[in-house]
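Peer 1: sequence first, predicted coordinates after that:
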Amino acid sequence: MSDRLDEVDKRILYRLAQNARETSAPAIAEEVNVSAGTIRNRIAGLEEAGIIRGYHALIDYQRAEGRLTNLYICTSPVPDRDRLYQQVAEIPGVVGVRQLMKGQSNLHVTAVGDDIQELTRVSNDLSSIGLEIEEENLLQSEQILPYNKFGPDTSRDGHTIADFMKLSGGAEVVELTVSANAEIAGLTLSEANQRGVIHPDILVVSIERDDTILTPRGDTTVRSDDLVTVFCRSGLDKETLDAFGEKR
């Protein structure tokens with residue numbers, strides 16, 4: 001079963017895939033209107049869940065003393081695929097292995113060598129463990145890009161919704177970020193209800209602040225950069241949405 005991601009998680013993954021070295025928690029936090037502590041906590045959660053599995057440099061080996069990079073497209077017997085996948089990673093010179101869910105050409109191996117002779121040795125090693133090499137080519141260039149659906153949604157004009165779930169009967173569960181000068185910022189939940197900032201049908205379920213999940217009570221103060229989950233019995237009304245966003 002896959003983990004459900006909200007817009008904060010997706011933006012984290014987008015920015016880390018785009019440039020993990022130059023990406024900071026405060027920079028992502030500013031984009032999605034939460035605190036840097038919340039971003040750091042989310043990153044830790046994504047790592048723990050195995051969604052973020054590592055941070056790797058994209059190296060141009062040709063510029064590193066003129067080394068060659070070769071791509072081997074191999075076929076492994078399906079029953080042995082997992083075992084061979086592990087064995088390939090132990091061959092000297094191999095820098096990448098990709099396993100495909102198909103019968104033919106189901107293992108793609110990337111290897112680096114000083115010269116053609118070294119790449120030939122890798123080819124022989126792959127064959128010796130039981131792989132059939134279907135094709136091999138020198139790699140000219142490679143680019144890794146972030147998944148666009150996890151990136152900024154320019155059509156939304158930077159509004160406050162971080163996640164949204166529609167339930168039966170018209171009810172909705174919505175995750176909202178609190179903008180810096182939002183109407184609700186600085187108010188307790190009791191004050192927000194008394195002033196009509198939050199509709200009476202809106203139930204605040206939780207507040208995520210830095211690395212803490214708060215249980216909301218009447219005297220709980222809502223702060224800017226909080227991530228607030230609300231249950232809306234009859235759907236989220238525009239007035240409540242606006243109360244969490246930037247004052248216009």
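Peer 2: Happy to help now that I have it.
Peer 1: show me where this protein has strands.
Peer 2: 68-75, 94-99, 107-113, 132-138, 161-166, 172-177, 202-209, 212-214, 227-232 (DSSP state E).
Peer 1: could you pull out the buried residues of the worst-scoring helix or strand of the chain on mean pLDDT?
Peer 2: Every helix and strand of the chain was ranked by mean pLDDT, DSSP states H and E. The lowest is strand 161-166, at a mean of 74. Along strand 161-166, these residues count as buried under the neighbour rule (16 or more other C-beta atoms under 10 Å): 161, 162, 163. For glycine as for every other residue, the C-beta is placed from the backbone atoms N, C-alpha and C.
Peer 1: switch the strands of the chain over to CSV; also include distance to residue 86.
Peer 2: Below are those laid out as CSV (distance: least, C-beta to C-beta, whole Å):
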stretch, distance to residue 86
strand 68-75, 14
strand 94-99, 9
strand 107-113, 11
strand 132-138, 18
strand 161-166, 37
strand 172-177, 39
strand 202-209, 38
strand 212-214, 38
strand 227-232, 40
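Peer 1: got a list of contacts for the least confident helix or strand of the chain?
Peer 2: Strand 161-166 is contacted by residues 6-8, 32, 34, 172-177, 227, 241 when judged by C-beta atoms under 8 Å, 6 or more residues apart in numbering.
Peer 1: list only buried entries from those residues.
Peer 2: 6, 7, 8, 32, 34, 173, 174, 175, 176, 177, 227, 241.
Peer 1: now do the contacts for the first one.
Peer 2: Right, residue 6. 162, 163, 175.
Peer 1: could you do the fifth one as well?
Peer 2: Counting by C-beta under 8 Å, 6+ apart, residue 34 makes contact with 8, 162, 177, 208, 225, 226, 227.
Peer 1: rerun at 10 Å
Peer 2: 8, 11, 25, 28, 41-42, 162, 177-178, 208-210, 224-227 (C-beta atoms under 10 Å, 6 or more residues apart in numbering).
Peer 1: where's the dip in pLDDT among those?
Peer 2: Lowest pLDDT of the contacts of residue 34: residue 162, 70.
Peer 1: what's the burial count for residue 25?
Peer 2: The number of residues packed near residue 25 is 19, by other C-beta atoms under 10 Å.
Peer 1: wait, it touches residue 42, no?
Peer 2: Yes - judged on C-beta atoms under 10 Å, residue 25 makes contact with residue 42 at a distance of 9.0 Å.
Peer 1: tell me, what's touching those two both at once?
Peer 2: 12, 34.
Peer 1: which parts of the chain are helices?
Peer 2: With DSSP state H as the criterion, the chain has helices at 7-19, 25-32, 36-48, 81-88, 116-128, 189-194, 238-244.
Peer 1: need the ones you listed in a markdown table (columns: distance to residue 59).
Peer 2: As requested, the helices of the chain are exported to a markdown table (distance: least, C-beta to C-beta, whole Å):
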| stretch | distance to residue 59 |
| --- | --- |
| helix 7-19 | 15 |
| helix 25-32 | 25 |
| helix 36-48 | 23 |
| helix 81-88 | 19 |
| helix 116-128 | 17 |
| helix 189-194 | 51 |
| helix 238-244 | 44 |
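Peer 1: which of those sits closest to residue 232?
Peer 2: Residue 232 sits nearest to helix 238-244 of all those, at 7.7 Å, using C-beta to C-beta.
Peer 1: what's the model's confidence in that closest one, averaged?
Peer 2: 85.
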